[in-house]
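**Student:** Requesting a structural model of the entry that follows:
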Amino acid sequence: MTSSKDRLYLFDTTLRDGQQTQGVQFSSDEKHRIASALDALGIDYIEGGWPGANPTDTEFFNAPPKTRATFLAFGMTKRAGRSAENDEVLAGVLNAGTKSVCLVGKTHDFHVTTALGITLDENLDNIARSFDYIVAQGREALFDAEHFFDGYKANPDYALKCLHAAYDAGARWIVLCDTNGGTLPDEIYEITRTVIESGISGDRLGIHTHDDTGNAVANSLAAVNAGARQVQGTLNGLGERCGNANLTTLIPTLLLKEPYASTFETGVSREALSGLVQTSRMLDDILNRVPQRAAPYVGASAFAHKAGLHASAILKDPTTYEHIAPEVVGNTRIVPMSNQAGTSNLRSRLADMGLDVADKEALSRILDRIKLRESEGYSYDTAQASFELEARRETGQMPEFFEVERYRATIERRRDARGRMSHLSEATVVVSIEGERHLSVSEGIMEDGSDGGPVNALSKALAKDLGPYQHYIEDIELVDYKVRITQGGTEARTRVIIDHEDGQGRRWSTVGVSSNIIDASFEALLDAILWKLVRDGATALGAE
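**Tutor:** All right, here's what the predicted structure looks like:
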């Protein structure tokens, strides 16, 4: 049965344009991992990079990923004064052997005469001859019309001539680029409509936007509304300056929101969409970045409901304050506990934990406990794991796995053999498990050989030897560490919030508060391990 929906093609440029993000440089292995995740998601085109531009891209194209998606190389149109057949830059792109090739070319007259230093007619000839040659080689060709929207506003006739030079030469896709990211949605729509009216079919038209005004996603949707049928973007909105259109926002919008959901079909299935959060966080893990909590759809706070009124309504019907069900994109609902909480928040959060607390007095005690602790500087708004442990303790549902007898952390500052100052942190932790003492000592040495500090040393020592519980905690990884001073002066107290993640992809936050930053850190580290043991079903020794 043939679908009545229009086909909308998704094009990912994380590995090329996303790599232009300041501080981002993927290894070849990381590129393979990302390409595999994009392919599993259902992306139609995966742009791998510019062959020959750097050793990593050269290595990547020498052993390209095997994908269902169309894998393509990126380059530029031929230069003036030479033929397409004799342009070594163009040859390098073709030699990558990809089925598809994307070439960028100038469409803004100012850039042609100023940046390239050639005539407008020479630029048109470069575009036409390049695509004649690409198509003659049997490759699918895409034209990235650089600075197109700015170029159209400056000289519409010439900008359109550039598009038609590639289109008439057989380019499969003409991609309209808002390279500087300064165009607004209404302009995108009107100009895209004009391009289609000039004779370029919408099913051969793509959109590539940047987020310099915060409108990259809106601009992409505006182009789709106007008739474009290819959408380009990057995972998590990576890209130069303010980034590109964010595919982790665009994809669920196109699949779940009207009129897109009933008008278009993409290569992304509902099943694949449920892995979107995992794909987003995989990229953050590769980049060693903390995921953006407020990111639409995939952020940890995207479905968090703090106000008591909201939580009460959520308990009755989640659609009261949620535009989609969080599990559709692989996310989860969070009802944070804070000093604004009421019994509705509390019941909802306890239910999410799997705790059935019908006793009103117990509910009152938990709520009073949380509010008291927050008055002392604790914050359970984000530290949901620590809240769960407090609730379990108050209701008698917290197993006693082990007891920390003592711990110590030291920092040594010394000169190395070359006379340079260096630091070494060391921690000792002693725990008792059914009367048996376990002593662990660790140094805060990072993988690169640098000193990770006393908190790193404590984390390693605490997780080094927990006897029968060791196998539960071996996949825990500390992913973020935040410190805040909650009071000033001589009575200053330090709040530490630590985020952890395990091999199952679960991420949880814990909090510690003390006048001593090391002590606050240790409390948060200890809570992280206890939460992991509880959630993985560990049994307290001696329990029936």
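
**Student:** which secondary element of the protein has the worst mean pLDDT?
**Tutor:** Ranked by mean pLDDT, DSSP states H and E, the helix or strand of the chain with the weakest confidence is helix 308-316, at a mean of 61.

**Student:** what residues are up against the residue nearest to residue 405 when sequence neighbours are not counted?
**Tutor:** Once flanking residues are discounted, residue 405 sits nearest to residue 430: 4.5 Å by C-beta to C-beta, 6 or more residues apart in numbering. In short, each C-beta sits where N, CA and C put it, glycine included. Shown in contact with residue 430 (C-beta atoms under 8 Å, 6 or more residues apart in numbering): 404-407, 437-440.

**Student:** Relative to residue 215, which of the residues you listed is nearest.
**Tutor:** residue 407 (51.1 Å; C-beta to C-beta).

**Student:** isn't the closest one right up against residue 461?
**Tutor:** Yes - applying C-beta atoms under 8 Å, one finds residue 407 in contact with residue 461, separated by 7.4 Å.

**Student:** Need the overlap of contacts for those two.
**Tutor:** 427-429.

**Student:** ok, and the most crowded of those residues?
**Tutor:** residue 429 (28 neighbours; other C-beta atoms under 10 Å).

**Student:** Just the buried positions in the helix or strand where residue 525 lies, please.
**Tutor:** Using DSSP states H and E, residue 525 falls within helix 517-535. Using 16 or more other C-beta atoms under 10 Å as the test for burial, helix 517-535 gives 517-518, 520-535.

**Student:** Over to stretch 248-257?
**Tutor:** Going by 16+ other C-beta under 10 Å, stretch 248-257 has these buried residues: 248-256.

**Student:** Need the residues that contact stretch 157-172.
**Tutor:** Counting by C-beta under 8 Å, 6+ apart, 100, 105-109, 120, 123-124, 127-132, 134-135, 140-143, 145, 148, 151-152, 174, 194-195, 198-200, 204 sit against stretch 157-172.

**Student:** Just the buried ones from those?
**Tutor:** By 16+ other C-beta under 10 Å, the contacts of stretch 157-172 give 100, 105-109, 123-124, 127-132, 134-135, 140-143, 145, 148, 151-152, 174, 195, 200, 204 as buried.

**Student:** quick one: which of those sit in helices?
**Tutor:** Counting by DSSP state H, those place 109, 123-124, 127-132, 134-135, 148, 151-152, 195 in helices.

**Student:** which one of those residues sits closest to residue 186?
**Tutor:** residue 152 (13.9 Å).

**Student:** Could you list the low-confidence segments of this structure?
**Tutor:** For the chain, the stretches flagged by pLDDT under 70 are 1-2, 306-316, 335-345, 348, 358, 446-449, 451, 487-491, 541-544.

**Student:** and if we set it to 50?
**Tutor:** Under the criterion pLDDT under 50, the flagged ranges of the chain are 339-340, 544.

**Student:** Give the full set of residues in contact with the closest residue in space to residue 394 that isn't next to it in sequence.
**Tutor:** The shortest distance from residue 394 to any non-neighbouring residue, by C-beta to C-beta, 6+ apart, is to residue 366 (4.8 Å). Contact analysis of residue 366 by C-beta under 8 Å, 6+ apart lists 346, 350, 357, 390-391, 394-395.

**Student:** Check the gap between residue 366 and residue 376 for me.
**Tutor:** 16 Å (C-beta to C-beta, to the nearest Å).

**Student:** Leaving out chain neighbours, which residue sits closest to residue 186?
**Tutor:** That would be residue 222: by C-beta to C-beta, 6+ apart, it lies 7.3 Å from residue 186.

**Student:** element containing that neighbour?
**Tutor:** helix 216-226.

**Student:** Mind listing residues that contact that helix?
**Tutor:** 8, 176, 178, 181, 183-186, 188-190, 192-193, 196, 202, 205, 207, 209-211, 231-233, 237, 243-246, 249-250, 253-254, 260, 264.

**Student:** pretty sure residue 331 belongs to a strand, no?
**Tutor:** No - looking at residue 331 with DSSP: H, G, I helix; E, B strand; the rest coil, it is coil, so not inside a strand.

**Student:** hang on, isn't it packed against residue 277?
**Tutor:** Yes - judged on C-beta under 8 Å, residue 331 makes contact with residue 277 at a distance of 5.0 Å.

**Student:** Residues that sit against both of these two, list them.
**Tutor:** Joint contacts of residue 331 and residue 277 (C-beta under 8 Å, 6+ apart) are 297-298.

**Student:** Unless I misread the structure, residue 482 falls within a strand.
**Tutor:** Yes - assessed with three-state DSSP, residue 482 lies in a strand.

**Student:** which residues does it contact?
**Tutor:** With C-beta under 8 Å, 6+ apart, residue 482 has these contacts: 496-498.
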